[in-house]
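Enquirer: Sequence first, then the predicted structure:
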Amino acid sequence: MWPRIGGLRTLALGTPGDLRTRLNTLVLAGVKTATAGLVTEYAEEGEEREHVGERLALVDDDDRLVGVVEVTAVETVRFADVGWEFARSEGEGDRSIEQWREGHAAYWARVGTPVTDDSEIVCLRFRLVSAGDGGITTGDLGT
């Protein structure tokens, strides 16, 4: 299971280090409003997919809260069917859907879960609800 903070499931983007820091910065700046995950990751972790309206605790490398996002859409599609509009909303600077696919395929291969065109991808869209300088450590995370 994924860690919880204040009853919220956590959202740990990318891998720890520079990548997670960069992705979190993009979320906090309002540039990154989506992320993609593998259906197999949910199964391995014993987690259900997110649902619209769910709030997630965005965390850093040490599982410290840096923000809260609210899920606005969830769709499961084949890797080959991820659309450019979604890929662009990930805010990571890809200039085409082909570049997005190459980068994501390389990332998943690096972390030991290579993908094919038929791999199922969870396309998660969200909006930033709250963020704090240095992270949020108190308050009602559900509002």
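Expert: That came in fine, so what should we check first? Numbers count the residues shown, from 1 in each chain.
Enquirer: any idea how far residue 2 is from the nearest residue to residue 108 once chain neighbours are set aside?
Expert: What sits nearest to residue 108 in space, not counting adjacent residues and going by C-beta to C-beta, 6 or more residues apart in numbering, is residue 115, at 5.0 Å. Every C-beta, even on glycine, is put in place using the N, C-alpha and C of the backbone. According to C-beta to C-beta, to the nearest Å, residue 115 and residue 2 sit 21 Å apart.
Enquirer: Verify the stated contact: the residue nearest to residue 108 with residue 38.
Expert: Yes. When contacts are counted by C-beta atoms under 8 Å, residue 115 is listed as touching residue 38 (7.1 Å).
Enquirer: partners of the longest strand that the chain contains, with directions?
Expert: Ranked by residue count and defined by DSSP state E, the top strand of the chain is strand 65-78. Strand 65-78 has its sheet partners listed here by DSSP bridges as strand 55-59 (antiparallel), strand 120-131 (antiparallel).
Enquirer: Run a quick neighbour tally on the nearest residue to residue 69 once chain neighbours are set aside.
Expert: Leaving aside its chain neighbours, residue 69 sits nearest to residue 126 (4.0 Å; criterion: C-beta to C-beta, 6+ apart). For residue 126, the neighbour count with other C-beta atoms under 10 Å is 25.
Enquirer: picking up where we left off before, name the residues contacting each of residue 115 and residue 38.
Expert: Shared contacts of residue 115 and residue 38 (C-beta atoms under 8 Å, 6 or more residues apart in numbering): 108, 121.
Enquirer: The residue minimising distance to the centre of the chain: what's it in contact with?
Expert: Nearest to the mean C-alpha position of the chain, by C-alpha atoms, centre = their mean, lies residue 35 at 3.8 Å. Residue 35 makes contact with 11, 13, 23, 90, 124, 126, according to C-beta under 8 Å, 6+ apart.
Enquirer: And what about it, helix, strand or coil?
Expert: strand (DSSP: H, G, I helix; E, B strand; the rest coil).
Enquirer: how about the nearest residue to residue 88, chain neighbours excluded?
Expert: Taking C-beta to C-beta, 6+ apart as the measure, residue 88 lies nearest to residue 94, with 7.2 Å between them; neighbours along the chain are not counted.
Enquirer: In this structure the one you found contacts residue 86, no?
Expert: No. Using C-beta under 8 Å, residue 94 makes no contact with residue 86, being 10.9 Å away.
Enquirer: All good on my end, thank you.
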